[in-house]
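S.K.: task: produce atomic coordinates for the following.
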Amino acid sequence: MGELRDSYISVRREPWFYSVLLLSAAPLFSDYVSFPLIFVSLFLALRDAKKNGRTPAPGKLGLLMAVYLLYMAFSLVYSTDVLGSFLSLLMWLSVFCAYMAAVTVLTDRRRLRTAVLCMTTVTGAVGGVAVLQYLLREVFHLSVSDKLWLPVDSFVYRLLHIDFTNGNFGERVSGTFSNPNLLAAYLVLSIPFAIAFVLTGTRSKPKAAARIALIVAAYGLGFTFSRGGYLALIAVGLLLCALFIRKRFVMTVLTVIYVVLLIPPAIGNRLLSAVPQNTQQSAVSVTETENTPPETLSQAVNQLGRDVSEHYTGDDSVHMRFVMWKKVMLSVREHPLFGTGVGVQTTQNTLAAAGLEFKHAHNLFLEILSEGGLISLALFCGILWVLLKRGVLLLKTGQNREAKLFGFAIVGALFALCVHGVFDFPLLTPRLISTCMLLMGMTEAAARLYLHEPTRELTLRRHRAPSRLAQATYAALYE
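M.R.: Sure, this is the predicted structure:
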């Protein structure tokens, strides 16, 4: 962003560029490929730091993540699935390397802009795969899998003796992911940064390519038919309109009309299906039960789930979510402070005990509550608060348009994460978590570069001033 020229973002044989490129490219491949990409990226980042005489600096977000990881390790003591929790902890420790690589190499504005461009390009590529899958299957009626890496994944998981299920999602496409909802989660996290890149005031070939990537990614999100993804994108759009409608009212209104007219009917019908049904029947049910207040928390949860789920009796996807949430809330009541242990396996066991065959709670905040309890939720909200605070501070920066756009991207990604997280669990796979780590690293870098926050270097040696006794001894011996 800023003054972007072709010569300025050229592919150079520098370690930092390939480090950023590898971090951004992880969503293009399967989850097991993301680990070597992250480790190689960290190696290149440390090599770049050594070359330029720098020390890795985790920053405030890194310290908060370190505390969160320590709490995850503590949960191994009481976890209901120790092996699953240990493997989840290893996964989180591995993807934390993505954050360390990002904050190590993103030391100036040129590198930060390059990282946003790389992410935008990959976002467009991932969305393009989804669009191509949908066209080949629904328009040309070809027998094409909705998962790009399905043959390779099935071979690798069978080789490693890992259970692998190939779900059928109908006309919905998954792109490079294994599930349409996971693809939607990645796209809604990345699209705000693509929008920020496109809104820069300088015309250039990278910006033109980013505009195409943004459009393709938006259509890719549409063909996931993820209603949570749609609502998250609408939240980002409303935030964008609220921030820029005063200065560009006519352009904003025309853009909204243009976007609405370009929405395919299938996507519009899917979005409208989120409107509650059976409202008259539910109103009668509420009227009948409003005079009998629940006496216990269990009764309150049961009544809430029954009243709300009656709106969606014809929608099995939404109805089953309310059923899952009710079971998870009852589990949280039994383990409110510490949860049942890190890892979706513990929540899966809870749901399996209730006769529900689901891998997680399909809700970001309930999943965190179920795994780590109120302590884990407090730590997670602390990280979100730091991100939100920095995004707002960037939005308030004087006349620096570039900083404001970074602020919009950070706040927009947070909005998307929280809105989509109401209906799903965006932190399920290594690729999604590494994307979040990259966004956190870019936020830390933006805070240093635009808000001039101090850099906290990571060092094992503490540099203390010599004591008065040491100074007097030195003076007596050598002076």
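
S.K.: so what's residue 438 up against?
M.R.: Contact analysis of residue 438 by Cβ atoms under 8 Å, 6 or more residues apart in numbering lists 23, 24, 98, 99, 102, 115, 119. Where you see a C-beta, it was placed from the backbone N, CA and C, and this is true even at glycine.

S.K.: now do the first one: how many residues are near it, please.
M.R.: Taking other Cβ atoms under 10 Å as the criterion, the count of residues near residue 23 is 32.

S.K.: now do it against residue 30, distance only.
M.R.: According to Cβ to Cβ, to the nearest Å, residue 23 stands 16 Å off from residue 30.

S.K.: identify, from the contacts of residue 438, the entry nearest to residue 163.
M.R.: The shortest approach to residue 163 among the contacts of residue 438 belongs to residue 98, at 26.4 Å (Cβ to Cβ).

S.K.: sorry, back to before: highest neighbour count among the contacts of residue 438?
M.R.: Busiest of the contacts of residue 438 [other Cβ under 10 Å] is residue 23, holding 32 neighbours.

S.K.: settle this for me: that residue is touching residue 439, isn't it.
M.R.: No. With contact defined as Cβ atoms under 8 Å, residue 23 does not reach residue 439; the gap is 10.5 Å.

S.K.: for the protein, give me the ranges with low pLDDT.
M.R.: The model of the chain has pLDDT under 70 over residues 1-13, 201-203, 245-315, 398-399, 455-479.

S.K.: which helix in it has the most residues?
M.R.: When the chain is parsed with DSSP state H, its longest helix is helix 364-395.

S.K.: mind listing what's buried in the next helix or strand after it?
M.R.: Later in the chain than helix 364-395, the nearest helix or strand by DSSP states H and E is helix 401-421. Residues of helix 401-421 classed as buried: 402-421 (neighbour count, 16 or more other Cβ atoms under 10 Å).

S.K.: okay, the angle between the next helix or strand after helix 401-421 and helix 364-395?
M.R.: Next in sequence after helix 401-421, counting helices and strands by DSSP H and E, comes helix 430-450. Inter-element angle recorded for helix 430-450 and helix 364-395: 20 degrees (by axes from the mean of the first three to the mean of the last three Cα atoms, to 10 degrees).

S.K.: now the angle between helix 401-421 and helix 430-450, please.
M.R.: For helix 430-450 against helix 401-421, the angle by the same axes, to 10 degrees is 150 degrees.

S.K.: please tell me how far helix 430-450 is from the chain's geometric centre.
M.R.: Distance of helix 430-450 from the chain centroid (Cα atoms, centre = their mean, to the nearest Å) equals 10 Å.

S.K.: can you mark which positions in that helix are buried?
M.R.: Residues 430-450 are the ones in helix 430-450 that count as buried (16+ other Cβ under 10 Å).

S.K.: chain center to stretch 69-89, what's the gap?
M.R.: Computed by Cα atoms, centre = their mean, the chain-centroid distance of stretch 69-89 equals 22 Å.

S.K.: pull up the distance across it, start to finish.
M.R.: Stretch 69-89 stretches 7 Å from its first residue to its last (Cα to Cα, to the nearest Å).

S.K.: run through who's touching that stretch.
M.R.: Contacts for stretch 69-89 (Cβ under 8 Å, 6+ apart): 92-93, 96, 338-346, 349, 371-372, 375-376, 379.

S.K.: just these: which are in strands?
M.R.: Judged by DSSP state E, the contacts of stretch 69-89 include no members of strands.

S.K.: derive a ChimeraX selection command for the buried subset of the residues you listed.
M.R.: Buried subset of these, written as a ChimeraX selection, criterion 16+ other Cβ under 10 Å:
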select :92,96,338,339,340,341,342,343,344,345,346,349,371,372,375,376,379
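
S.K.: so which of the contacts of stretch 69-89 belong to helices?
M.R.: Using DSSP H, the contacts of stretch 69-89 in helices are 92, 93, 96, 344, 345, 346, 349, 371, 372, 375, 376, 379.

S.K.: let me know the secondary structure of residue 162.
M.R.: coil (DSSP: H, G, I helix; E, B strand; the rest coil).

S.K.: from here on, count from 126
M.R.: OK, 126 is where the count begins now, so the last one is residue 287.

S.K.: burial of it, as a residue count?
M.R.: As a burial measure, residue 287 scores 10 neighbours (other Cβ under 10 Å).

S.K.: ok, it to residue 301 distance?
M.R.: Separation of residue 287 from residue 301 (Cβ to Cβ): 19 Å.

S.K.: and the helices in the stretch 276-425 of the chain?
M.R.: Using DSSP state H, counting those that start in this stretch, the helices of the stretch 276-425 of the chain run over residues 305-323, 330-347, 352-369, 374-386, 390-397, 404-414, 422-434.

S.K.: report the separation between the closest residue in space to residue 282 that isn't next to it in sequence and residue 303.
M.R.: Excluding its sequence neighbours, the residue lying closest to residue 282 (Cβ to Cβ, 6 or more residues apart in numbering) is residue 289, at 3.9 Å. According to Cβ to Cβ, residue 289 stands 9 Å off from residue 303.

S.K.: check residue 505 too.
M.R.: Using Cβ to Cβ, residue 505 is found at 25 Å from residue 303.
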